[in-house]
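Colleague: With the sequence up front, the predicted model follows.
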Amino acid sequence: MNNPTSPRLRGTDNASVQCQKWPKYDEKLIEDKNIILIVQINGKLRDKIEAKSGITQKEAEKLVLKSEKIKVLIGENEIKKIVFVPNKVINIVI
């Protein structure tokens, strides 16, 4: 990296860096255990709920519909459709 700007610093340090292997990583360590599930009603952001990673649609629906904030916003309206994007968002269409 220093070669173009300071060629006089070339030497054993530069050669040793170029010969090293790329470090390995453990995918289990970088995996999120919890996610923030975005809750929308008619496409508008209404709440954010923490949930476990890999939550299914049915589990997400139960979790969201238990929320007092969402219950108030839905009120007496009939739920026409629920759109779920895994680990991202759940949208309730009323």
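Modeller: Arrived safely. Residues are numbered from 1 along each chain as shown.

Colleague: What average pLDDT does the top helix by length along the chain get?
Modeller: Selection of the longest helix in the chain by residue count, based on DSSP state H, yields helix 57-66. Per-region confidence: helix 57-66 scores 94 on mean pLDDT.

Colleague: Which elements pack onto that helix?
Modeller: In this structure, helix 57-66 packs against strand 34-41, strand 44-52, strand 81-85, strand 89-93, with contacts taken as 3 or more C-beta pairs under 8 Å, 6 or more residues apart in numbering; DSSP states H and E. (Each C-beta comes from the backbone N, C-alpha and C, glycine too.)

Colleague: deepest of those strands, which one?
Modeller: For the helices and strands packed on helix 57-66, average neighbour numbers computed from mean count of other C-beta atoms under 10 Å are highest in strand 89-93, which has a mean of 19.

Colleague: and for it, what are the contacting residues?
Modeller: With contacts defined as C-beta atoms under 8 Å, 6 or more residues apart in numbering, strand 89-93 is touched by 37-43, 57, 60-61, 64, 70, 74, 79-84.

Colleague: And stretch 39-48, by the same measure?
Modeller: Outside stretch 39-48, the residues within contact range by C-beta under 8 Å, 6+ apart are 36-38, 49, 64, 67, 69-70, 73-74, 89-94.

Colleague: what's the closest of those to Gln20?
Modeller: When the contacts of stretch 39-48 are compared for distance to Gln20, the smallest value, 37.3 Å, is given by Ile36; criterion: C-beta to C-beta.

Colleague: what's that closest one in contact with, if anything?
Modeller: Contact criterion C-beta under 8 Å, 6+ apart gives 48-51 as the residues in contact with Ile36.

Colleague: Perfect, I'm done here.
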